[in-house]
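Enquirer: Just the structure for this:
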Amino acid sequence: MKLLIITSRVPWPLDKGDKLRIYHQIRYLSKSFEVELIALSSEDENENAFDELSKFCSKIHFINISKSQSVVGVLKAFFSKKPLQVGYFYNAKINREITAIIKKSKPDFLYGQLIRVADYLQSYNIPKVLDLQDAFSKGLQRRAEKAKGVLQWILNTEYKRMLAYEQHNLGAFDGLSIITDADRKLLPQNIQERTIIVPNGVDFDFFKPQNTEKQFNIVFTGNMSYAPNVMAAEFLVNKIMPLVWKRYPQINVILAGATPHNSVMALASDRVKVSGWLDNIREAYAYSDVFVAPMQIGTGLQNKLLEAMAMSMPCITSELANKALKATNGEHILIGSNDDAESYAKHIIKLIADKEYANIIAEKGHQFVKQNYDWKSAVDKLEALFNK
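Expert: Reported below is the predicted structural model:
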């Protein structure tokens, strides 16, 4: 059976959550399907990605989407009242290329990742599934609530357009998937019942406990240009850590992840390192004592938490992030109130002061992700949806 997959980004290197998810899905789906991949790309150089993805895909098509094409798409979306990010990724010329590939390939199934590619898939009379990943509309609404001025207006407008798109433009798909039940409950009512849960997993062969000398006390990882991560990094350094430094002035922090925003770069100091891209993100976890992810906005399951817990790190996160994770506070993880810096600081101080307690949280967290977040069992659910 042949499965043709369309993504809005080339799923390598694994520097963003959507790329990580589809990469591992492709890896496991290739055991049951002949996988052909179409990936939209804004990069000219994809040689390493092609070599890596060729391990699992029979054919690979990288289709370049230029800045000018994206600008035109956004303008067309604005006047058609579609979400701007759908317009950003849609182009009529690219659509013709995709049509030609599908006609030649004759796949048994189509699979698109993210609502951004939905317009490329809707018209085909081929069984098709769209991975929503998160409740995009709700994520936009939460960002708008935190924003101000013109940005708030833009995000509110995009939220309303995305909500309408979710309600009215996904009926053509035979199946929809999403990462968590918490996010499914945030979708419009008319598509909730058609959406199955396909969770993320962890590569336990890669993210495993390391016996290394510690260089940092606190670590936070992620794509550091992504708004929820930028906000979390600022909250950690500007609000939480000053309370910790009153007790332990020598404590240091590493903010590890690709493309740090200027506001993240501005957080760097003698006690805060901003690493930028790391060839091996596992080192950021291995060289640190405690993982803190004080997420205030955003939706979906945080891969960073799964990775840190898989590496037997004691972890602290927000009530919002734990809605998706569903770990037990005080057993598998420690939970801070979303906007309450003092609650996070108390957890950090407790873990730094009591190593035995930190080790108990770390070990129970490790067992929790081992039991609940496995890529194979997650992709089995997706494969069952195709077969159904």
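Enquirer: how about the strands of the stretch 101-250 of the chain, start to end?
Expert: Taking DSSP state E, counting those that start in this stretch as the test, the strands found in the stretch 101-250 of the chain are 109-113, 128-133, 175-178, 195-197, 216-221.
Enquirer: In CSV: those strands, plus mean neighbour count and mean pLDDT.
Expert: Quick note: C-beta positions are derived from backbone N, CA and C, even for glycine. Output for these, formatted as CSV (neighbours: other C-beta atoms under 10 Å; pLDDT from 0 to 100):
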stretch, mean neighbour count, mean pLDDT
strand 109-113, 24, 98
strand 128-133, 24, 97
strand 175-178, 23, 96
strand 195-197, 17, 96
strand 216-221, 24, 98
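Enquirer: With distance to residue 278 as new columns, can those be given to me in TSV?
Expert: Formatted as TSV, these follow (distance: least, C-beta to C-beta, whole Å):
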stretch	distance to residue 278
strand 109-113	24
strand 128-133	24
strand 175-178	29
strand 195-197	31
strand 216-221	9
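Enquirer: out of those, nearest to residue 153?
Expert: Among those, strand 128-133 comes nearest to residue 153, with 25.1 Å by C-beta to C-beta.
Enquirer: Excluding its own residues, what touches that closest one? List them.
Expert: Here strand 128-133 makes contact (C-beta atoms under 8 Å, 6 or more residues apart in numbering) with 17-18, 21-22, 109-115, 117-118, 121, 166, 170, 172-179, 183, 187, 195, 198, 300, 382, 385-386.
Enquirer: For residue 17, report the pLDDT, please.
Expert: Residue 17 carries a pLDDT value of 89.
Enquirer: didn't it look like it was pressed against residue 229?
Expert: No. Proximity of residue 17 to residue 229 does not meet the contact threshold set by C-beta atoms under 8 Å, at 10.0 Å.
Enquirer: Show me which of the two is the more surrounded one.
Expert: residue 229 (25 against 20; other C-beta atoms under 10 Å).
Enquirer: got the contact list for that one?
Expert: 220, 222-223, 257.
Enquirer: same question, residue 113
Expert: Contacts of residue 113 (C-beta under 8 Å, 6+ apart): 5-8, 18, 21-22, 130-131, 133.
Enquirer: which residues does it form a beta bridge with?
Expert: Listed beta-bridge partners, residue 113: residue 131 (assigned using DSSP bridges).
Enquirer: For residue 120, see how far away it is.
Expert: 11 Å (C-beta to C-beta, to the nearest Å).
Enquirer: how close does residue 356 get to residue 350?
Expert: Using C-beta to C-beta, one obtains 11 Å as the distance from residue 356 to residue 350.
Enquirer: So the two - more neighbours on which side?
Expert: residue 350 (16 against 6).
Enquirer: Can you give me the neighbour number for residue 88?
Expert: Neighbours of residue 88 under the rule other C-beta under 10 Å: 18.
Enquirer: Can you tell me the element it falls in?
Expert: Secondary structure from DSSP states H and E places residue 88 in helix 84-89.
Enquirer: pLDDT (mean, whole number) over stretch 26-36?
Expert: 97.
Enquirer: Buried ones in it, by neighbour count?
Expert: Using 16 or more other C-beta atoms under 10 Å as the test for burial, stretch 26-36 gives 26-30, 33-36.
Enquirer: Nearest to residue 376 among those residues?
Expert: Of all the buried residues of stretch 26-36, residue 376 sits closest to residue 28, with 5.9 Å by C-beta to C-beta.
Enquirer: contacting residues around the closest one?
Expert: 375-376, 379, 383.
Enquirer: then the helix or strand hosting it to CSV, C-alphas only?
Expert: Using DSSP H and E, residue 28 falls within helix 17-29. C-alpha atoms of helix 17-29 as CSV (Å, rounded to 0.1, in the frame of the first residue of the first chain):
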residue,chain,number,x,y,z
GLY,A,17,8.0,19.9,17.3
ASP,A,18,6.1,19.4,14.0
LYS,A,19,9.3,18.1,12.3
LEU,A,20,10.0,15.7,15.2
ARG,A,21,6.5,14.3,15.1
ILE,A,22,6.3,13.6,11.4
TYR,A,23,9.9,12.3,11.2
HIS,A,24,9.1,9.5,13.7
GLN,A,25,5.7,8.9,12.1
ILE,A,26,7.4,8.4,8.8
ARG,A,27,10.0,6.1,10.4
TYR,A,28,7.4,3.7,11.7
LEU,A,29,4.8,4.0,8.9
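Enquirer: quick one: it to strand 109-113, angle?
Expert: Calculated by axes from the mean of the first three to the mean of the last three C-alpha atoms, to 10 degrees, helix 17-29 forms an angle of 150 degrees with strand 109-113.
Enquirer: for the protein, which helix is longest?
Expert: Counting residues, the longest helix found in the chain (DSSP state H) is helix 149-168.
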